[in-house]
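1. Need a 3D model of the sequence below.
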Amino acid sequence: METADVVIIGGGVIGGACAYNLAREGLSVTLLEKNEIASAASGGSAGGVRQQNRALPELPLAMAANLIWKTLEQELDADLEYRRHGHINMAEREEQIPILEASVKRQKAMGLDIQLVYGTELRDLVPAAGPQMLAGSYSPGDGFANPILVTRAFAAAARHHGAKIRTRTTVRAIRRENDRIIGVESSGGPIAARWVINAAGAWAPALCLRLGLDLPIRPQSKQMMVTERAPAMLKPVVACLGRGLSLKQMPQGQFVVGGGWPGILDMANDRGLPKRGSPNGSARELTAVLPPVAHLNVIRIWNSLEACSIDSLPALGEIDGLDGLLVATGFTGHGFALAPSVGVLLSEFILTGKSSLPLHELNARRFADCNADNVKE
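-> Okay, here's the model as predicted:
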């Protein structure tokens, strides 16, 4: 039987980051992906690398990841299209400004570099913003990257350090012996392992359910759009209070537009489909916030499959009663930026039995009284 120190289920950015960190520490690692690298949530991600507006349990991970992002291109020896031009969350109504002010005060107290900008300062950061925009919370250390390039770079770096990366390989079950995980059953045959990391995204809960663990995490389909190329007019990532919008302009000039607009879930075919009304709704938000893009053509719409948890926070770390199993799922559309630190922390746990940042608030034991039926659309 084939053996490995660690089997990782899922070829997204989280799985790839784990594989890279473990392989460079000298462990034997096998990563199994049922389709291709970056074919699910990581391939459909908006690519935001933000610390701003994180829930408290996530913020330390986001800040730790942000330090890694600074030098990640050099570390992985790859062009990730990483740009560090900040993130701004704008307000367009007077009654929203106190909300921004309170948010900035709270985040500053947590150690985040963030500031309020008004009037001229706002226009300097986003010259093309709609005339109704009044203020914004600006975190200059945030940015964005190309999620497909990043995910593939992690996999390539993991392979360079000796990891086995196997695509088109489905994990049918995680194998256990009493309260001990002993490996996986896959379409390529069984693999014995001391550790298994379930980073299978939208498919992770089903694998856990076969072990008797009912996580309140379910798959959802979220829409993304991209426009044709345009002259450079936007550097920071832009969001707006009260609007479903996440907006960035890529180095080649295209605008990538997210914001959580729903799609249609088709798990039978491992895909999401466009939902009537979502593209038009997203376009309305975009043109209201950044009017000069109104004439641009949308050249592609896609819908990713994401694992969304009941509290919008990931399930991360060990599982009580199942020695040798770690989970990293339920990131609810904002796991891309966290991947570098998640990879480090889970690697530390496997190597030493503890992680340099506490993960107890993200542990799946917080779901003890919940199940997947509680997760809202």
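2. Spit out the contact partners of the residue most central in space within the chain.
-> The residue lying closest to the centre of the chain (Cα atoms, centre = their mean) is residue 335, at 2.2 Å. By Cβ atoms under 8 Å, 6 or more residues apart in numbering, the residues touching residue 335 are 13, 14, 41, 314, 342. Glycine gets a C-beta too; all of them are placed from N, C-alpha and C.
3. Disregarding residues adjacent in the polypeptide, which is nearest to the second one?
-> The reference is to residue 14. Spatially, and ignoring its direct neighbours in sequence, residue 14 is nearest to residue 199 (4.5 Å; Cβ to Cβ, 6 or more residues apart in numbering).
4. what residues does the helix or strand of the chain with the lowest mean pLDDT touch?
-> For the chain, counting by mean pLDDT, DSSP states H and E, strand 271-273 ranks last in confidence among helices and strands (a mean of 91). With contact meaning Cβ under 8 Å, 6+ apart, strand 271-273 is reached by 44, 221, 222, 223, 263, 264, 265, 266, 302, 303, 304, 305.
5. so what pLDDT did the closest residue to residue 217 other than its chain neighbours get?
-> Distances taken as Cβ to Cβ, 6+ apart place residue 330 nearest to residue 217, at 4.2 Å, with adjacent residues excluded. Per-residue pLDDT puts residue 330 at 96.
6. got it, and residue 309?
-> At residue 309, the model reports a pLDDT of 96.
7. Surely it and residue 330 touch.
-> Yes: if you go by Cβ atoms under 8 Å, residue 309 and residue 330 touch, sitting 3.6 Å apart.
8. what's the overlap in contacts for those two?
-> 215, 217, 315.
9. how near is the first one to residue 192?
-> The gap separating residue 215 from residue 192 is 25 Å, by Cβ to Cβ, to the nearest Å.
10. Could you do residue 199 as well?
-> Residue 199 is 19 Å from residue 192, where distance means Cβ to Cβ.
11. How about residue 35?
-> Note on residue 35: its distance to residue 192, by Cβ to Cβ, is 24 Å.
12. circling back to that earlier point, ok, residue 215 and residue 192, which is more surrounded?
-> Neighbour count, other Cβ atoms under 10 Å: between residue 215 and residue 192, residue 215 has more, with 26 against 13.
13. Can you tell me the closest non-neighbouring residue to that one?
-> residue 205 (4.8 Å).
14. Which residues does the host helix or strand of the one you found contact?
-> Per DSSP states H and E: residue 205 is located in helix 204-209. Helix 204-209 is contacted from outside by 9-10, 171, 173-174, 198, 200, 214-215, 217-218, 307, 319, 327, 329-330, 372, using Cβ under 8 Å, 6+ apart.
15. Are any of those residues buried, and if so which?
-> Among those, those classed as buried by neighbour count (16 or more other Cβ atoms under 10 Å) are 9-10, 171, 174, 198, 200, 215, 217-218, 307, 319, 327, 329-330, 372.
16. So what's the residue count around residue 317?
-> 22.
17. what's across from it in the sheet?
-> Counting by DSSP bridges, residue 317 is bridged to residue 327.
18. sorry, back to before: could you tell me how far the residue nearest to residue 215 is located from residue 198?
-> 9 Å.
19. swap in residue 277?
-> Using Cβ to Cβ, residue 277 is found at 34 Å from residue 198.
20. can you check residue 252 too?
-> Counting by Cβ to Cβ, the gap from residue 252 to residue 198 is 35 Å.
21. Let me know the pLDDT of the closest residue in space to residue 360 that isn't next to it in sequence.
-> Sequence neighbours aside, residue 317 is the residue nearest to residue 360 in space, at 7.9 Å (criterion: Cβ to Cβ, 6+ apart). Here, the pLDDT recorded for residue 317 equals 97.
22. Show the contacting residues for residue 317.
-> Contacts for residue 317 (Cβ under 8 Å, 6+ apart) come out as 326, 327, 346, 349, 355, 359, 360, 362, 363, 364.
23. before we move on, back to that, in contact with the residue nearest to residue 14, which residues are there?
-> Shown in contact with residue 199 (Cβ under 8 Å, 6+ apart): 8, 9, 10, 12, 14, 15, 18, 327, 328, 329.
24. Format these as TSV; extra columns: distance to residue 140 and secondary structure.
-> Shown next, in TSV, are those (distance: Cβ to Cβ, whole Å; DSSP: H, G, I helix; E, B strand; the rest coil):
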residue	distance to residue 140	secondary structure
8	34	strand
9	37	strand
10	33	coil
12	28	coil
14	26	helix
15	31	helix
18	29	helix
327	33	strand
328	29	strand
329	31	strand
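25. Relative to residue 53, which of these is nearest.
-> Closest approach to residue 53 among the contacts of residue 199 (Cβ to Cβ): residue 14, at 20.5 Å.
26. Return the residues in contact with that closest one.
-> Contacts for residue 14 (Cβ under 8 Å, 6+ apart) come out as 42, 199, 201, 328, 331, 335, 338, 339, 342, 343.
27. give me that answer again for 10 Å
-> By Cβ atoms under 10 Å, 6 or more residues apart in numbering, residue 14 lies in contact with 8, 41-42, 151, 154, 197, 199-201, 204, 314, 316, 328-329, 331, 335-336, 338-339, 342-343, 346.
28. just the helices in this protein please.
-> Assigned by DSSP state H, the helices in the chain fall at 13-24, 59-69, 72-76, 97-109, 119-125, 147-160, 204-209, 278-289, 339-352.
29. packing partners for the fifth one?
-> It refers to helix 119-125. Using 3 or more Cβ pairs under 10 Å, 6 or more residues apart in numbering; DSSP states H and E, the elements in contact with helix 119-125 are strand 87-91, strand 115-118, strand 135-139.
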